[in-house]
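> Here is my input, please return the structure:
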Amino acid sequence: MAKTQDFTAMMKDMMGSFPVDTTAMEDAFKSTAALNEKLSAVAIEAAEKTSEISNNWTKDTLAKLAEVSKAKAEPADYAKSLSDFASAAAEVAAENMAAFAEIAKKVQMDTVELLMAAGKDMTQDATAAMKKATEEVTSAAKKAAAK
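Prediction:
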């Protein structure tokens, strides 16, 4: 009976003759992980701020609503109370929407800064890797030509 060839050993020998420098991949992974950490920090900070605004907005609205729900002596007082509540709610809504817009603007600016810095770092890393590869190929070519 014929014996089956050991393809694992053959592949191992073949891959061993093509050395691969994994430091570029490791550096890329570390850079990506660091970028993700910074982007997550920006997102978490924005979430904290928006939840704080929402919480304060809700508390303020409930406090004003408690005032509206109190019994009044005159029917006209109910209309005035509702009118005051509506005016205050519109004013608070405008303030809070402006606060949300400021948070969104800051998130956008921080994200753009992080991505631009990451792009610059990646360009520098790629340039260094290409320079190293060119030097290695040139060195190998010179050695081959000398033989």
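> alpha carbons only for contacts and neighbour counts from here, please
Fine.
> pull the helix or strand with minimum mean pLDDT from this structure.
helix 7-16 (a mean of 75; mean pLDDT, DSSP states H and E).
> per-residue confidence averaged over the helix or strand that that one is followed by?
Next helix or strand after helix 7-16 toward the C-terminus (DSSP states H and E): helix 23-68. Averaged over helix 23-68, pLDDT sits at 92.
> helix or strand right after helix 23-68?
That would be, after helix 23-68 and using DSSP H and E, helix 75-146.
> okay, the angle between that following helix and helix 23-68?
Angle, helix 75-146 to helix 23-68, by axes from the mean of the first three to the mean of the last three C-alpha atoms, to 10 degrees: 180 degrees.
> by contact count, what packs against helix 75-146?
helix 23-68 (3 or more C-alpha pairs under 8 Å, 6 or more residues apart in numbering; DSSP states H and E).
> how much distance is there from the helix it packs on to the middle of the chain?
Computed by C-alpha atoms, centre = their mean, to the nearest Å, the chain-centroid distance of helix 23-68 equals 10 Å.
> ditto for stretch 81-92
On C-alpha atoms, centre = their mean, the centre of stretch 81-92 falls 38 Å from that of its chain.
> what about it, average pLDDT?
Stretch 81-92 shows a mean pLDDT of 94.
> what does that stretch contact?
Contact partners of stretch 81-92, identified using C-alpha atoms under 8 Å, 6 or more residues apart in numbering, comprise 57, 61, 64-65, 67-68.
> got the buried residues for that stretch?
81-82, 85, 89 (16 or more other C-alpha atoms under 10 Å).
> Let me see the contact set for the spatially most central residue of the chain.
Geometric centre of the chain, nearest residue: L39, 2.9 Å, by C-alpha atoms, centre = their mean. Contact analysis of L39 by C-alpha under 8 Å, 6+ apart lists 111, 114.
> From A93, how far off is it?
L39 sits 29 Å away from A93, going by C-alpha to C-alpha, to the nearest Å.
> Next: I103.
For I103, the distance to A93 equals 15 Å [C-alpha to C-alpha].
> That concludes my questions; thank you for your assistance.
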